[in-house]
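can you look at this prediction? I've put the sequence above it.
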Amino acid sequence: MKLLAKMSWLELKLFLREPLTVLFALALPLLVLFVMGGVFGNDVDAAYYRGVGSMDYYVPAYIALVTASVGLISLPVHIAGNRDRGVLKRYHASSMPTWVVIGSSVVTTFVIASISGLLLVAVAMPVHRVVSPDRLGLVLIGFAAAALMFASLGVLLGAVLPTARAAQALGVLLWFVMLILGGAGPPPEVLTGAMGAIGDVTPLRHAVRIMHDGWLSLDAGLSWLLVAGLFCVFASAALRFFRWE
């Protein structure tokens, strides 16, 4: 554990030296918050947003989106960039265990996502008068589950994609698809046909639902089990396909 703590501190410092990854993690969810808040306000419409105020719906959803931003964009670029620069090769030459490298990436994801999530809440609560969480403990568990799921997916993308540029391109594409179809963009109720079907299977849709479970006491259905299952699948694949060079 001491080695993991030292490695996590090193990875965090390296992560913060990459302005693009930090920008996506911290600024992008805030930008989306301001845009959607300016468009929809916090009015209640029984036909949309599961019957709650639009920003009451969106703020927990954007906390889930924060974990997706770090997991899909920042983390894969960081891992693939480390491979490009030979950092992972040097780790391997020093007999660094794979689980320590992956574990430190997950810890870094938690730290950055937590900072971004707290910043989002600190801005949204006074500006949009968002309701407080119904069950804070469940919100924290949901955040941890979403962060683990997207961190494992991010490690998988960083492991299999050959370059940082490829990781960035695919990560941004997946992020925007999930933003639009996964419940953090247009109201899910307006997505019909193929768009609705795709939205229902995106990891973000289920991360949003478990956040709503704790924040708004809205039924998450099977989303808790699906998030746990996706984490197991992504984590197993990341360990299987992780490449040092």
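All right, it came through fine.

just give the nearest non-adjacent residue to residue 158, would you?
Spatially, and ignoring its direct neighbours in sequence, residue 158 is nearest to residue 79 (2.8 Å; CB to CB, 6 or more residues apart in numbering). Bear in mind the C-beta positions are built from the backbone N, C-alpha and C, glycine included.

tally of neighbours for that neighbour?
Applying other CB atoms under 10 Å, we find 28 residues neighbouring residue 79.

same deal with the one 4 residues further on?
Here the number of neighbours of residue 83 (other CB under 10 Å) works out to 21.

where exactly do the strands run in the protein?
Assigned by DSSP state E, the chain shows no strands.

pull the helix or strand with minimum mean pLDDT from it.
In the chain, no helix or strand scores lower on mean pLDDT, DSSP states H and E than helix 19-40, which sits at a mean of 69.

all helices of this protein, in order?
Assigned by DSSP state H, the helices in the chain fall at 2-16, 19-40, 54-69, 75-84, 87-93, 98-128, 136-160, 164-181, 193-201, 203-216, 223-241.

most tightly surrounded among those helices?
A comparison of those by mean neighbour count, using mean count of other CB atoms under 10 Å, puts helix 54-69 on top with a mean of 28.

now it against helix 164-181, angle please.
Put simply, helix 54-69 runs at 160 degrees to helix 164-181, going by axes from the mean of the first three to the mean of the last three CA atoms, to 10 degrees.

what does stretch 217-231 contact?
50, 52, 134-135, 145-146, 148-149, 152-153, 203, 205-207, 209-210, 212-213 (CB atoms under 8 Å, 6 or more residues apart in numbering).
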